[in-house]
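**Q** Quick check, what structure comes out for this input:
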Amino acid sequence: MTPSEIHVPLMDMVMCLSNTADLASPTIVNHQKRVAYIAVCIAEALGLAADEQQQVLTAAALHDIGGLWLTDRLSALDFEVEHTALHSHIGSALLASYPPLADLADLLLHHHDYWDERGSAIPLGAQIIHLADRIDVLLKFGENMCILGQVAGVCRRLEAVAGRMFDPELVDVLVNQVAKYEAFWLDLQPTMIDKALAKKARPEPVVLDLDSLSGFAHMISQIIDFRSRFTATHSSGVAAASAAIASCLGFSEKECRLIYVAGLLHDLGKLAIPDQILEKPGTLSQEEFAVIRSHTYYTYHSLTAIEGLEELATWAAYHHERLDGTGYPFHLPGEKLSPQARLMAVADIYTALSEDRPYRKGMERPQVERALLELVEQQAIDATIVNCLLDNYQAVDLARQEAQAKAVSAYDDFRETINRAVYIYRY
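**A** Below is the predicted model:
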C-alpha cells in the first residue's frame, strides 16, 4: 500500500462502523443496515434528489452510533421509546465533529422526535429515519418468522400512531407505495440486506484521502474509548506511541501517519464486545475473556472489508499475535507478521502498561522495561522494536502522554457539549 495513493470510499468506512457496532448483540445485528435500506426506499418514493437520498441512507446507517452502551441500544428497541434519547445527542455530536459528515448531525439529533410536538420543523430526513427505525423494531427475524406475514400488522401499527409519532403523509407513502412491494420486505432478510443496500449506495462514492481518513479514525476511536472508563484514552495512546516508534525506526512521514491511523483503529472490534464485560472491574471469567479475545477478529474483518485498507487492517488487527505463534486470533508465526504489525503489538503493550487506569496507576519505566524484555525473552514480541522503544523512551513516552492528555480534554469537551445540548433541547 502506497500512502500517497490512499483513496478510501467514505461509504465503506460508514458501513464498517455501522456493521461493527451492530455486532454487540444478536438483537441488533443488521439493525442500522435495515433502517438505512428502509429509509432510502422511502426517500425514493418521496421523490427526493439523489444526493438527498444518499444523505438519508448514510445518516440512517449511523443513526445509533451514539448508543455507546448496549443497554441504551436495547432500550431504543421499544416502539415508543423516550424521544429525547441521549444517544441521539451523542450521535449528533460525533458527526458534527467530523466535517464530511457534519451536515448529517441534525438528522441524528432529531431522529426520535414526535410529529405532534414539532411537526414540519423536524428535518425531513430525520422524520424518514424515525419511521424506518420504528418499522424495523416491529419486525421479527428468525426461524419460522415469515416477514411477509408481518406486513399488515406493521402497517396497522404505523397508521394507528400517524399524526402523533409520524407525519400522516409520510405514513401514507410508506403504506400505500413502498409497502406494497413484496421485494422491499424480502430485501430486509439477513441473507439479502447487504446486497440490497449495496444497490442503493452512490455509484461514485466520496473518497477519503489520508487527512480525511485520519479524521474518521479519530471519530471511531472516540466511540471505542468512550465506552469504557478503563480504557478512555487507550487508542490515542497506542496511535501516538506506534507513530513515534515508527519514526525512530526510519519509516517515512506518510507511513508513520498510516501507522497512527492503524493505532486509532486497532481496538475497533471492541465495539462488538458487550459493555458489561468491558466495564467489569474484577477478574474476567474464562468465558468473558474468550469474548474479549474475539475483538481482534472483528477488527480484522471490519477493516479488510474496506477497499484500500486491506494491509492496514493487518497492522491494526494483529496486535495480540505473538512471534512464537501462540497469540490470537489467528496464531500467526513471526514470519507472517509485518514490521508494522510487530510494532503495533509493542505499542499496545507499552501503552497498556504505562497509562493510568481507574484501578491502578501507570507503571514507571523500570517496570515497563522489565515487562517488555520478559516478553522478548519469551519470543512474544520483536526485540528490535522493543530496543528502539527503550532507546527512545523519553520521546515516545512524551508523545503518548501528550496524545492522551489531549484525548482527556477532548472527552471533557465532548461530554460538556452533550450535557449542554440535552439541557437546551429539554428546557
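
**Q** now the host helix or strand of residue 169: how far from the chain's centre is it?
**A** In the assignment (DSSP states H and E), residue 169 maps to helix 168-176. With C-alpha atoms, centre = their mean, to the nearest Å as the basis, helix 168-176 stands 32 Å off its chain's centre.

**Q** do the same with stretch 313-332
**A** Worked out by C-alpha atoms, centre = their mean, stretch 313-332 lies 22 Å from the chain centre.

**Q** List of residues touching it?
**A** With C-beta atoms under 8 Å, 6 or more residues apart in numbering as the test, stretch 313-332 has contacts from 238, 258-259, 262-263, 265-266, 268-269, 293-294, 296-297, 299-300, 302-304, 306, 333-334, 337-338, 340-345, 347-348, 378-382. For every residue, glycine as well, the C-beta is placed using N, CA and C.

**Q** let's see it at 6 Å
**A** 262, 265-266, 293, 296-297, 299-300, 303-304, 333-334, 337, 340-341, 344-345, 348, 379-380 (C-beta atoms under 6 Å, 6 or more residues apart in numbering).

**Q** Which parts of that stretch count as buried, going by neighbours?
**A** 313-323, 327-330, 332 (16 or more other C-beta atoms under 10 Å).

**Q** Which elements pack onto the longest helix along the chain?
**A** Longest helix of the chain, by residue count under DSSP state H: helix 393-426. Judged by 3 or more C-beta pairs under 6 Å, 6 or more residues apart in numbering; DSSP states H and E, the packing partners of helix 393-426 are helix 86-96, helix 234-248.

**Q** Lowest average pLDDT across those?
**A** Among the helices and strands packed on helix 393-426, helix 86-96 has the lowest mean pLDDT, at a mean of 89.

**Q** neighbours around residue 193, how many?
**A** 17 (other C-beta atoms under 10 Å).

**Q** Would you mind confirming that it makes contact with residue 33?
**A** Yes - using C-beta atoms under 6 Å, residue 193 is in contact with residue 33, at 5.3 Å.

**Q** Buried deepest among the helices and strands packed on helix 393-426, which one?
**A** Each of the helices and strands packed on helix 393-426 was given a mean neighbour count from mean count of other C-beta atoms under 10 Å, and the largest, a mean of 26, is that of helix 234-248.

**Q** Counting by contacts, list what the very next helix or strand once past that helix packs against.
**A** Once the chain leaves helix 234-248, the next helix or strand it forms, by DSSP H and E, is helix 253-265. Judged by 3+ C-beta pairs under 6 Å, 6+ apart, helix 253-265 is in contact with helix 210-226, helix 234-248, helix 310-317.

**Q** In a markdown table: these, plus distance to residue 150.
**A** Shown next, in a markdown table, are the helices and strands packed on helix 253-265 (distance: least, C-beta to C-beta, whole Å):
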| stretch | distance to residue 150 |
| --- | --- |
| helix 210-226 | 32 |
| helix 234-248 | 41 |
| helix 310-317 | 38 |
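
**Q** Among these, which comes closest to residue 412?
**A** helix 210-226 (11.4 Å; C-beta to C-beta).

**Q** can you list the residues that contact that closest one?
**A** With C-beta under 6 Å, 6+ apart as the criterion, helix 210-226 contacts 6, 8, 13, 17, 68, 94, 98, 232, 234-235, 257, 261, 264-265, 267, 270.

**Q** buried ones in it?
**A** Residues 210, 212-226 are the ones in helix 210-226 that count as buried (16+ other C-beta under 10 Å).

**Q** any idea which of these is the one closest to residue 282?
**A** For these, the nearest to residue 282 is residue 225 (21.1 Å; C-beta to C-beta).

**Q** show me where pLDDT drops low in the stretch 1-150 of the chain?
**A** Residue ranges of the stretch 1-150 of the chain with pLDDT under 70: 1-5, 70, 72, 74-75, 77, 81-85.

**Q** Count the neighbours of residue 194 for me.
**A** Residues near residue 194, counting by other C-beta under 10 Å: 13.

**Q** Give the rounded mean pLDDT of the helix or strand harbouring it.
**A** Using DSSP H and E, residue 194 sits in helix 193-200. Mean pLDDT, helix 193-200: 95.

**Q** which element follows that helix toward the C-terminus?
**A** Following helix 193-200 in sequence, per DSSP H and E, is strand 207-208.

**Q** So what's the residue count around residue 277?
**A** With other C-beta under 10 Å as criterion, residue 277 counts 17.

**Q** pretty sure it contacts residue 290?
**A** No - the pair residue 277 / residue 290 is not scored as a contact, 10.1 Å apart, by C-beta under 6 Å.

**Q** can you give me the strands for the stretch 51-200 of the chain?
**A** Using DSSP state E, counting those that start in this stretch, no strands are found in the stretch 51-200 of the chain.

**Q** could you show me where the helices are in it, in order?
**A** Per DSSP state H, counting those that start in this stretch, the stretch 51-200 of the chain carries helices over the ranges 70-75, 86-96, 105-109, 115-118, 124-138, 151-161, 168-176, 182-186, 193-200.

**Q** could those go into a markdown table alongside distance to residue 246?
**A** Formatted as a markdown table, the helices of the stretch 51-200 of the chain follow (distance: least, C-beta to C-beta, whole Å):
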| stretch | distance to residue 246 |
| --- | --- |
| helix 70-75 | 35 |
| helix 86-96 | 28 |
| helix 105-109 | 34 |
| helix 115-118 | 50 |
| helix 124-138 | 41 |
| helix 151-161 | 53 |
| helix 168-176 | 51 |
| helix 182-186 | 49 |
| helix 193-200 | 35 |
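
**Q** Between these, which one is closest to residue 22.
**A** Proximity to residue 22, assessed across the helices of the stretch 51-200 of the chain by C-beta to C-beta, is greatest for helix 70-75 (8.7 Å).

**Q** On the secondary structure side, give me the element for residue 25.
**A** Counting by DSSP H and E, residue 25 is part of no helix or strand.

**Q** and it, how many neighbours?
**A** What residue 25 shows, counting by other C-beta under 10 Å, is a neighbour count of 13.

**Q** now residue 405
**A** Residue 405, neighbours per other C-beta under 10 Å, totals 12.

**Q** any idea how far it lies from residue 174?
**A** 49 Å (C-beta to C-beta, to the nearest Å).

**Q** Also residue 193?
**A** Between residue 193 and residue 174 the distance is 18 Å, computed by C-beta to C-beta.

**Q** just residue 112 next, same as before
**A** 18 Å.

**Q** quick one, which of those two is more surrounded?
**A** residue 174 (27 against 21).

**Q** per-residue confidence for the more buried one?
**A** Per-residue pLDDT puts residue 174 at 98.

**Q** Give me the spatial nearest neighbour of it, chain neighbours excluded.
**A** Nearest non-adjacent residue to residue 174, counting by C-beta to C-beta, 6 or more residues apart in numbering: residue 42, 5.9 Å away.
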